[in-house]
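Sequence first, then the predicted structure, then my questions.
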Amino acid sequence: MPFSEPKYRRRSAPLIPKDHGGGEFGGASYTGAVFNLSTTIVGAGIMALPATLKQLGAIPGLIIIVLAGMLTEKSVEIVLRFSRAAKTSSYSGLAGDAFSGTGRNLLQLCIVINNVGMLVVYMIIIGDVLSETRSLGVHHTGVMEEWFGLHWWTTRSSILLLTTIFVLAPLISFKRVDSLRYTSALSVILAVVVVVIIAGIAIVKMINGSIRMPQLLPDLVDQASFWKLFTTFPVLVTAFICHHNIHPIENELEDPSQMKSIVRTSIILCTSVYVATSFFGFLLFGNQTMEDVLANFDGDLGIPFSSLLNDIVRVSYAIHLMLVFPIVFYSLRLNVDGILFPYSIPLAYDDRRFFLVTVGLVSFIFLGANFVPSIWDAFQFTGATATVAVGYIFPAAIALRDFRGIATKHDRTVSWIMILLAVSSSTVAICSDIYSILSGSESAES
């Protein structure tokens, strides 16, 4: 059995010890866990969802968002149930139980790729919102540049550096995920504030008759438009990904048996936020909805106090991402440490290793955010590859492998559906992205 090998003994123990030098920890609360898991889910994906309705149409788009939430809940339920059967307290430990060391390392690598991609995207968006961005040669001013003008401290690199040092660094220094419960609660509140503002603007404009009925069904004019529908799937998977933080949150719970209820509550909450954001965002901007709907909030909204509302939405979202950053970084650091130091004592006990891994990762993410040319380069790549593997393929493969003999017929049926959807949609998405890149290169040359 995989856990009989000395190499894996550290990983079968809890990754988050309840006492790591700071005194005995009584356990995390139900509410704190819901906020932490909800913050893990609601990240950058929320602003890409209105564009999925533009591709799919309002009715199919909203239905698929709800189905994606239900499928995510099932995949997390599989991970939790099989982890208990394997008596392991980590996702990578479960992969090791089912597929030995190779499966464990592959899962950890996918989590690292997924989380690094997400965090680079978060930092890029923070820079776009607070400083400036360029799209197709057009300069879009950020909030800080609008308020204070162009100075050295309002440039993109300076704002990202200052944000990293004074905001992100203190938040990623916590050794317990439960220590982030208050910042997670604030991040969820800010996401709701953004949704309420978008909904309010859409309702006001609908009452005064300045917006049209949204497109209810997809507009399939040719074969290319049909295949483009599948490119929305990686965005939906990215929007619900939370599997990498399931075990860290469960390990700190005062009552671990509450985890299933916590997952359901969090997914219902996030699905509600996603449905409202998608519908009202698409209703507000219609066919003008951009891939990142936040970009729609840099002009006149056609209502009083338009500029103020634009700034509130953008600043709220930027702060929201700053507060999401540490919760995603938490599991990234654990998995990088598991890959690099598989024989060492738990990371929480080694301050020097904790510091080096943390500084190394945040420096890499900072450099990535300054050199990745576009948010969508990172977002589409990670969504179509590592995220799909972490969220769907690994849970399904674990259930089909059924090393402990506990899988039901329903588990196997759902697992095959998850694998089929993940592989087919990701293949189409990757091919579509490659085609778009090649087409763009040909257009530029001509």
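Thanks, I have the structure now. Numbering: from 1, shown residues only.

Run a quick neighbour tally on S307.
By other Cβ atoms under 10 Å, 12 other residues sit near S307. Quick note: C-beta positions are derived from backbone N, CA and C, even for glycine.

Now it: which helix or strand?
Following DSSP states H and E, one finds S307 within helix 306-340.

Show me which residues of that helix are buried.
309-338 (16 or more other Cβ atoms under 10 Å).

Extract the residue ranges of the stretch 1-150 of the chain that are flagged as low pLDDT.
1-26, 44, 132-141 (pLDDT under 70).

Please, where are all the strands along it?
All strands of the stretch 1-150 of the chain, identified by DSSP state E, counting those that start in this stretch, fall at 132-135, 138-141.

neighbours of L421, just the number please.
Around L421 there are 19 residues (other Cβ under 10 Å).

let me fix that: A389
So A389, with other Cβ under 10 Å, has 22 neighbours.

looking at it, it is touching I111, isn't it?
No: at 9.0 Å, A389 does not count as touching I111 under the criterion of Cβ atoms under 8 Å.

Just give the nearest non-adjacent residue to D178, would you?
What sits nearest to D178 in space, not counting adjacent residues and going by Cβ to Cβ, 6 or more residues apart in numbering, is A28, at 3.9 Å.

and the one you found, what is it in contact with?
36, 177-178, 181, 249, 252-254 (Cβ atoms under 8 Å, 6 or more residues apart in numbering).

Give me the buried subset of those residues.
Buried, going by 16+ other Cβ under 10 Å: 36, 177-178, 181, 249, 252-253, out of the contacts of A28.

nearest to F366, of the contacts of A28?
V177 (22.3 Å; Cβ to Cβ).

Which pLDDT value belongs to the closest one?
For V177, the model assigns a pLDDT of 92.

Please report how far it lies from T232.
Distance of V177 to T232, computed by Cβ to Cβ, to the nearest Å: 31 Å.

One more: Q258?
Applying Cβ to Cβ to Q258 and T232 gives a distance of 33 Å.

repeat for K87
For K87 relative to T232 (Cβ to Cβ), the value is 39 Å.

The helix ranked longest in the chain to helix 306-340, inter-axis angle?
The residue-count maximum for a helix in the chain (DSSP state H) belongs to helix 91-130. Calculated by axes from the mean of the first three to the mean of the last three Cα atoms, to 10 degrees, helix 91-130 forms an angle of 150 degrees with helix 306-340.

one step back: other SSEs contacting the helix holding S307?
Applying 3 or more Cβ pairs under 8 Å, 6 or more residues apart in numbering; DSSP states H and E, one finds that helix 306-340 makes contact with helix 30-41, helix 91-130, helix 143-148, helix 169-171, helix 181-207, helix 246-251, helix 351-371.

swap the cut-off to 10 Å and go again
The contact analysis (3 or more Cβ pairs under 10 Å, 6 or more residues apart in numbering; DSSP states H and E) places helix 306-340 against helix 30-41, helix 91-130, helix 143-148, helix 156-163, helix 169-171, helix 181-207, helix 246-251, helix 351-371.

Can you report how many residues neighbour F371?
With other Cβ under 10 Å as criterion, F371 counts 8.

residue contacts, it?
Neighbouring residues of F371 by Cβ atoms under 10 Å, 6 or more residues apart in numbering: V120.

distance of it from S75?
33 Å.

sorry, back to before: okay, the contacts of A28 in TSV with distance to D350 next?
TSV is the format used below for the contacts of A28 (distance: Cβ to Cβ, whole Å):
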residue	distance to D350
N36	24
V177	18
D178	20
R181	25
I249	22
E252	19
L253	24
E254	26
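
wait, Y30 sits on K260?
No: counting by Cβ atoms under 10 Å, Y30 stays clear of K260, with 11.7 Å between them.

So what does A48 have for phi and psi?
Listed backbone geometry of A48 is phi -90, psi -10, with angles given as degrees, to the nearest 10.

And it, how close does it get to V235?
5 Å.

what do you get for M123?
19 Å.

Excluding chain neighbours, what is closest to V76?
Nearest residue to V76, sequence neighbours excluded (Cβ to Cβ, 6+ apart): V263, at 5.1 Å.

what sits against that neighbour?
33-34, 37, 41, 72-73, 76-77, 79-80, 242, 246, 249-250.

Run a quick neighbour tally on the closest residue to A169 other than its chain neighbours.
Leaving aside its chain neighbours, A169 sits nearest to V362 (7.1 Å; criterion: Cβ to Cβ, 6+ apart). Counted with other Cβ under 10 Å, residues neighbouring V362 total 21.

swap in S426?
23.

start to end distance for stretch 149-161?
Terminal residues of stretch 149-161 are spaced 18 Å apart (Cα to Cα, to the nearest Å).

I'd like the numbering to begin with 13 instead of 1 from here.
Renumbered: residue one is now 13, and that last one reads stretch 161-173.

Give me the buried positions along that stretch.
166-168, 171-172.

contact partners of it?
The contact list for stretch 161-173 (Cβ under 10 Å, 6+ apart) reads 135-136, 138-146, 153-160, 174, 180, 330, 377-378, 381-382.

mind redoing it with 8 Å?
For stretch 161-173, the external contacting residues (Cβ under 8 Å, 6+ apart) are 135, 138-139, 142-145, 154, 156-157, 160, 174, 378, 381-382.

what's the most distant pair in those residues?
F160 and F378 (22.5 Å).

Same drill for these two, tell me which one is more crowded.
A count of neighbours by other Cβ under 10 Å puts F378 above the other of F160 and F378, at 20 against 10.

which ones are touching the nearest residue to the more buried one once chain neighbours are set aside?
Once flanking residues are discounted, F378 sits nearest to T176: 5.6 Å by Cβ to Cβ, 6+ apart. By Cβ under 8 Å, 6+ apart, the residues touching T176 are 135, 374, 378.

quick one: which of those is nearest L79?
For the contacts of T176, the nearest to L79 is M135 (30.8 Å; Cβ to Cβ).

one step back: any idea which of the contacts of A40 is closest to M302?
N48 (30.2 Å).

Kindly provide the distance from the nearest residue to the closest one once chain neighbours are set aside to N257.
Closest residue to N48 apart from its sequence neighbours, by Cβ to Cβ, 6+ apart: S196 at 4.7 Å. The spacing between S196 and N257, counted by Cβ to Cβ, is 11 Å.

which residues are common contacts for those two?
Any residue near both S196 and N257 by Cβ under 8 Å, 6+ apart counts here, and that gives 48, 339.

so how far is M156 from the closest residue to E158 other than its chain neighbours?
Spatial nearest neighbour of E158, chain neighbours left out: D323 (7.7 Å); criterion: Cβ to Cβ, 6+ apart. For D323, the distance to M156 (Cβ to Cβ) stands at 11 Å.

Over to P407?
For P407, the distance to M156 - Cβ to Cβ - is 42 Å.

and those two? which has more neighbours close in?
P407 (30 against 22).

right, and that one touches E85 too?
No: here P407 does not reach E85: they are 11.0 Å apart, not a contact under Cβ under 8 Å.
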